[in-house]
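Chemist: predicted model and sequence below, questions to follow.
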Amino acid sequence: MSTAFAVVLSLAAAAAPASSAFKFQGVLTARQPAEDEQSKKFEMTVVPRITGDEQSFFWMVEERGRGSLAWPDHLGNFTLDPMGRIGETPPLSMLLDRPGGNALIPLPLPVLGSECPLEANGKWMEGKLEYKVVGVEMVDGKPTARIEAGNNYGVRRRLWVDVQTRVVKRSSSSIFVGQGEEHELRYELADEIDLSDAAERDKVQRGVEAILDLKQTIGREPNLIDGRWTPKQLSLLKERLPALVSWQKHPVLGSLVESIDQELRLERGRAGSAATMREKALGKMQGLQGLVDAAGKEIARELTQGHVLVLHFWDYKDQPLVEPYGQVGYVDFLYRRHKEAGARVYGVAVDPRWADTSARRSVAIAAQKLVNFMNLTYPILFDDGAILKQLGDPRVAGNRLPLFVVIDRSGRVVEYHSGHYEVHRDRGLEELDQIVKKALDKSE
């Protein structure tokens, strides 16, 4: 996949309107890749937002292959003050899907501010790395600073920077993922887009504002690894996207708008499949036959009979902890709130290894570590996937766990919900809470 950063800047004259777009190509590669491991490529774009004395810049990332965050997580901002200094900028990240668990990879800005001295032997600190200009040379007729960044363990990053524009022309960094697995993150300047025409620059800014407004309106929780959307968010996206369609062919914003459209189509397809599974599950009689505890003993019928049951199918393991794992705390709150009224909550650890009796101990230990870490009070049962398949495994339609199933006192399924519920900080899992309360009230 081609990678592009598009940075719209004019750092040589920090107070003047930005007039150029710089595109970059980059790739993330493991130093010692597994046999079937592939490199990950990505795209980024930065667009000017001129406001008062400061220049604010729209920064976006696009990624393909080996996992991806949702498009709202790919958008950010950074500013230049009148002296050309870059303000504090939270990094944008891309998702690396790996056998040991997903990892967020932060991406450095391909631009240096005026606070970084680019003359020979110039030095500065950024985080725990010391940056040093080791030489200045002419590259393509432009003075370019060669910079090395390192610590006590050696050089961790090398970059070549245009002294006049302060745009990074090439960069190579060593980063460590998971249990110290070294990767190389590199990118280089590929193209420059002229935005000196005021009308074109204003047009781009209008598109930027429309995209940022859409992100704010949707209000999606950041960096959700599972990438799921709520029905309300999908509805808002469907309503607002037609206004952006005209941007799909634009050289700066086109790829982002296209990715938003593709993501909407994919999520609507998943949502439709989940809705079909939900319709099939609702109203069916369902017990807990086949679900067992850590010792492999099937749960006693008298513990569930006559109660409203909430089954939370998930992986329930301590490593890797993938956000929003903290939502199990809200599930526990719901259990403690309604258990006296007759509700019973069971976490169901779904792991194909459970079918192998020799692996059960490690599966149970991983689940218990998570229970201890999160101080969960509801019991954990285990399923190799067979029970989930009977209910309707949402993963076959491209969705991910968790799956919530609510069974009333008569044994009938009254709720089937694939994915996380929306969390209200003061009311918890309000939607699920109301379903459980209704089932309790109805069966009294």
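Modeler: Arrived safely, thanks for sending.

Chemist: which element follows the worst-scoring helix or strand of the chain on mean pLDDT toward the C-terminus?
Modeler: None of the helices or strands of the chain scores lower by mean pLDDT, DSSP states H and E than strand 6-9, at a mean of 45. Later in the chain than strand 6-9, the nearest helix or strand by DSSP states H and E is strand 20-30.

Chemist: other SSEs contacting the helix or strand just after that next one?
Modeler: As assigned by DSSP H and E, the chain's next helix or strand after strand 20-30 is strand 40-51. On a contact count with 3 or more CB pairs under 8 Å, 6 or more residues apart in numbering; DSSP states H and E, strand 40-51 meets strand 6-9, strand 20-30, strand 54-64, strand 92-96, helix 198-218, helix 254-281. In this view, the C-beta of every residue, glycine as well, is placed from N, C-alpha and C.

Chemist: and the chain, what are its domain boundaries?
Modeler: Domain segmentation of the chain under automatic domain parsing yields 6-116+166-262, 301-442.

Chemist: let me know which of the ones you listed is the nearest to residue 272.
Modeler: domain 301-442 (8.6 Å; CB to CB).

Chemist: how many other residues sit next to the residue nearest to residue 69 when sequence neighbours are not counted?
Modeler: If the residues on either side of it in the chain are set aside, residue 69 comes closest to residue 95, at 5.0 Å by CB to CB, 6 or more residues apart in numbering. By the measure other CB atoms under 10 Å, the count of residues near residue 95 is 21.

Chemist: ok, residue 95 touching residue 64?
Modeler: No: judged on CB atoms under 8 Å, residue 95 makes no contact with residue 64 at a distance of 10.9 Å.

Chemist: secondary structure class for residue 82?
Modeler: At residue 82 the chain is in coil, as set by DSSP: H, G, I helix; E, B strand; the rest coil.

Chemist: mind checking how far it is from residue 118?
Modeler: Here the criterion is CB to CB, to the nearest Å. By it, residue 82 lies 19 Å from residue 118.

Chemist: these two: which has the busier surroundings?
Modeler: The neighbour comparison of residue 82 against residue 118 (other CB under 10 Å) goes to residue 118, with 19 against 11.

Chemist: skipping adjacent residues, who's closest to that one in space?
Modeler: That would be residue 145: by CB to CB, 6+ apart, it lies 4.5 Å from residue 118.

Chemist: and residue 333, what helix or strand is that in?
Modeler: helix 327-338.

Chemist: CA atoms of the next helix or strand after that helix as PDB?
Modeler: Per DSSP H and E, helix 327-338 leads on to strand 343-350 as the next helix or strand towards the C-terminus. The C-alpha trace of strand 343-350 is given here as PDB (Å, rounded to 0.1, in the frame of the first residue of the first chain):
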ATOM      1  CA  ALA A 343     -30.500 -11.400  38.700                       C
ATOM      2  CA  ARG A 344     -27.600 -13.600  38.000                       C
ATOM      3  CA  VAL A 345     -24.600 -12.600  35.900                       C
ATOM      4  CA  TYR A 346     -22.100 -15.000  34.400                       C
ATOM      5  CA  GLY A 347     -19.000 -14.100  32.500                       C
ATOM      6  CA  VAL A 348     -18.400 -16.700  29.900                       C
ATOM      7  CA  ALA A 349     -14.700 -17.100  28.800                       C
ATOM      8  CA  VAL A 350     -14.800 -18.100  25.200                       C
END
